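In: Give me the fold of what follows.
(2 chains)
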Amino acid sequence: MISTRKRSLVDILRILVYLAVLLCFVVLAVTGFYPVLVLGEHISGYLVMVHATFAPVFAVCLAVLAVMWASHGRFTRGDWPWFERIVQRVTLAGSGHEKRPRKSSCLGQKITFWLIVFLALPLGLSIVLSMFPLFGTHGQELLLGTHRYTAYIFALIVIVHTFLLMRTGKK
Amino acid sequence: MPVLCLAAGAADTERKLLGDESDGSRAHPLHRIELLAAPSDEGKDPQAVDPNIDPEAEVLLPFSTRHTCGKCHSYEIIKKGWHFNSVDPNGDPGRPGQPWLYVDARTGTQIPLSYRRWPGTFRPGQFGLTDREFTKIFGRQMPGGGPGERQTQDPDEIMRQYISGKLDINCLSCHNGDPRQDQGGPAGYAVQISRGNFRWAAASSSGLALVKGSADDMDEAYDPFDPFAVETAAGGRKTPPTITYHKNVFDHENYVFLDILREVPSHRCYFCHSNLYIGAETTEKWACDEDIHLKAGLTCVDCHRNGIDHNITRGYAGEQETSANESSATSSCEGCHLGEDSSSDPVAGRLGAPVPEHRGLPPVHFERLTCTACHSGPWPAAEPYATKTSMAHRLGTPNVNKSREMLPHIAAPVFAKQADGKIAPHKLVWPSFWGVLRDGQVEPIALETVTKVISDVLAKEKFPFSGDWPDLTADHIGKGLTSFASSGSLEGGAVYVTGGKLYSLDDSGRLREEKDHPAAQPYLWPLGHDVRPAAQALGVRYCTDCHGTDAPFFFGEVTIDTPVAADRQAKKMVEFQDIDPFYAWAFAFSFVFRPWMKIIVLGSSAVLALVLLFSVLKALGCVVKVLAGEND
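Out: Okay, here's the model as predicted:
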């Protein structure tokens, strides 16, 4: 059922930023993974230039996304009822209020959202720190490895997050 | 104490002579030995040099290093070493190196020659040079052996070789610690070579004797071992080669003290291996810094080592794959500074070599560049430097033309891709020569023919005193090619290779040019020295040392050297690196925005970190409330 609710400017901006992040992610994933996983060599040539061009755009959009969606990603009681029960048993506290019907919690989305925000830090910092004369060759290889494997996990989580989002959207 | 030796006869390589292997003492053995001269007949034993001979009965001969040094050091093993084995068809040529450059401005010739199978060079025989002729021209900066020692097969040269003698390996060129060792003086090694005094060259340069006269001035009937012939020739207008040993050289037992050093002093190497990079302000050696390794206290032979086999390490990466020298792996840049990956023991930092950190340098550079790309040669300028080398420009020998424009024209550094795919700094020379095109291959026309034909064509042209090219035109080339064609002596079409082009005559006799013909490609050889200190490495300031839109590494202009004035254009350095020029420019341009990118990503990371921090703190607050029973 199509919502007829008029969207505010913020909502539109939120969606645009989200789409921009998604686009940047796809470009970065293709340019980053193709030479490494398919060709078996370092990223180089025009691919590295495209990768380096989209990377700061991705970083900015992700930061904006994090700010805009942080409140939506806040964990509530409805997300972890089993955790609430454990806490109550441990503290012998009663619920103090009538039981509320559980909302659709989107727990998976929230978890993947925060993982994305968390992994974005080593993903970005590992490569930008390598551009400063701070780390020698071994450190550079460590940073490059961090960037690579963080990217692998990041990509998987983004895919899961997108899948859950699409599934929630269908509902 | 005289050195006791086993019998001479170093041909038996299985039996080691006294001096073939050290007992481990690092002290220098004393060489108080008798000097031995080569006999007139190779079947006879060598003669001990006695300065007190009767001149009417015997000729005072120069000592032979082959027989003198060869008594204790296996000559047959040594002659297989790198400096002497160029003529060995089975010798591994290794990485391309500096060729011998024959130049003649009067014929528009600048051609790289080598006995080694380096692509882009021609064998001296292809150019019409016999071993003897080659030795006379280039033996000045050769340590003997090689082509100077080969028995000639040319019937016209058999007698000349008998008179001149063979050019033995001159051990003293490298190993003589006596400061009187004379390689480039008025009566030194180079001069003796040029006079055809091959038999006398080593003795003349040893500091023990003086040689006068010239073997080349003697007619073919002259016998240098016949006292009567020597005396007769001495009375003529041209002086035969004669040797006079200095006073007090021989002791009471006719032994001589030779100050022999196993570790060759660097200034001995410099006689053949000096470089001069000529900039706008830098024209003399005192204005250039030496290699940092030498200034740090090392000598050439600390890295370039060998045993009795004289299979010296050349010091480039990957040499161990073809070299039998056991120290070749550890004598490269990585070998000393980083050690071998395969070694289980810590081997980095040999000889005090600092272990480099390369802070901020992405590891991909080590796959794409050699160490020398950032650390060797002069700091790149907008154009490569005019470069002079000992081998090419006769540095250190008498009557050298010191002008900047003196041929051959060598440019350095030129950053080009090597066979292994890595970019390295090279020296570059553009060949110019007259040749014959046969089956797509160009063979040089023999020097004698070229001189005869082209000298007539260019007889009226002006040739600069500087030794530079004359200014030739297409008309000159056309006339030259027409002269060759009309001579009818060539099997194939005459061509002139110069400046990256191949000139030939079409069927109607008109001149045509073919750009980028394989035979016209420049010849490049990697340079390893002089190594700059770490603080002068490329990239030490910022990435834009190389990745700048006007950085010489990619965008330096390499002038095409040719006598044809109209063809003296320039090529960008990137064209020698097999890289798309637009990509190189675009990538360099992206570095303009790199600082912005760093700021943006760091700023975004800060925002993400703050969002995470606040959210975590907020979550902690909720948990604390829940645990405190303040249920909301």
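In: From here on, just use CA atoms for contacts and neighbour counts.
Out: OK.
In: Could you list the low-pLDDT ranges of chain A?
Out: A:1-7, A:83-84, A:87, A:91-105, A:170-171 (pLDDT under 70).
In: mind listing the helices in it by residue range?
Out: Counting by DSSP state H, the segments of chain A that form helices are A:9-33, A:45-69, A:81-91, A:107-129, A:137-170.
In: can you put the ones you listed in TSV and add mean neighbour count and distance to residue B:524?
Out: TSV is the format used below for these (neighbours: other C-alpha atoms under 10 Å in any protein chain shown; distance: least, C-alpha to C-alpha, whole Å):
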stretch	mean neighbour count	distance to residue B:524
helix A:9-33	16	36
helix A:45-69	19	26
helix A:81-91	13	73
helix A:107-129	19	37
helix A:137-170	16	31
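In: End to end on stretch B:456-476, go ahead and measure it.
Out: Start-to-end span of stretch B:456-476 (C-alpha to C-alpha, to the nearest Å) is 11 Å.
In: Identify each buried residue in that stretch, please.
Out: Neighbour counts over stretch B:456-476 (16 or more other C-alpha atoms under 10 Å in any protein chain shown) mark B:457-458, B:467-472, B:474, B:476 as buried.
In: now it, how far from the centre of its chain.
Out: Relative to the chain's own centre, stretch B:456-476 is displaced by 29 Å; criterion: C-alpha atoms, centre = their mean, to the nearest Å.
In: Can you report the mean pLDDT over the residues of that stretch?
Out: Averaged across stretch B:456-476, the pLDDT comes to 91.
In: quick one: contacts of it?
Out: Under the criterion C-alpha atoms under 8 Å, 6 or more residues apart in numbering or on different chains, residues B:105-108, B:401, B:403-407, B:479-480, B:511, B:562-566 lie in contact with stretch B:456-476.
In: mind running it again at 10 Å?
Out: With C-alpha atoms under 10 Å, 6 or more residues apart in numbering or on different chains as the test, stretch B:456-476 has contacts from B:103-110, B:401-409, B:450-451, B:454-455, B:477-483, B:503, B:511-513, B:561-567.
In: List the ones among those residues that fall in strands.
Out: Among the contacts of stretch B:456-476, the ones falling in strands (DSSP state E) are B:103-104, B:109-110, B:503, B:511-513.
In: would you turn the residues you listed into a markdown table with distance to chain A and neighbour count?
Out: Output for the ones in strands among the contacts of stretch B:456-476, formatted as a markdown table (distance: C-alpha to the nearest C-alpha, whole Å; neighbours: other C-alpha atoms under 10 Å in any protein chain shown):
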| residue | distance to chain A | neighbour count |
| --- | --- | --- |
| B:103 | 42 | 22 |
| B:104 | 44 | 19 |
| B:109 | 41 | 26 |
| B:110 | 38 | 25 |
| B:503 | 37 | 24 |
| B:511 | 41 | 18 |
| B:512 | 38 | 15 |
| B:513 | 35 | 17 |
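In: Kindly state the domain boundaries assigned to chain A.
Out: As given by automatic domain parsing, the domain ranges for chain A are A:1-69, A:77-94+A:105-171.
In: looking at the ones you listed, which is closest to residue B:65?
Out: The closest of the domains of chain A to residue B:65 is domain A:77-94+A:105-171. By C-alpha to C-alpha, the value is 50.1 Å.
In: residues contacting the spatially most central residue of chain B?
Out: Centroid-nearest residue in chain B, with C-alpha atoms, centre = their mean: residue B:98, separated by 3.8 Å. Listed by C-alpha under 10 Å, 6+ apart, the contact partners of residue B:98 are B:112-114, B:118, B:121, B:389, B:391-392, B:427-428, B:523-527.
In: can you rerun that using 8 Å?
Out: residue B:525.
In: mind checking pLDDT for it?
Out: 98.
In: Quick one: classify it as helix, strand or coil.
Out: coil (DSSP: H, G, I helix; E, B strand; the rest coil).
In: so how far is residue B:116 from it?
Out: Distance from residue B:98 to residue B:116, counting by C-alpha to C-alpha: 10 Å.
In: what ranges of the stretch 301-450 of chain B fall below the confidence cut-off?
Out: For the stretch 301-450 of chain B, the ranges with pLDDT under 70 are B:340-343.
In: same thing but at 80, please
Out: Scanning the stretch 301-450 of chain B for pLDDT under 80 picks out the ranges B:340-344, B:347.
In: so residue B:576 makes contact with residue B:416?
Out: Yes. With contact defined as C-alpha atoms under 8 Å, residue B:576 and residue B:416 form a contacting pair (4.8 Å).
In: which one of the two has more residues nearby?
Out: residue B:416 (27 against 17; other C-alpha atoms under 10 Å in any protein chain shown).
In: who does the host helix or strand of that one pair up with?
Out: Per DSSP states H and E, residue B:416 falls inside strand B:410-417. When pairs are called by DSSP bridges, strand B:410-417 turns out to pair with strand B:385-389 (antiparallel), strand B:423-429 (antiparallel).
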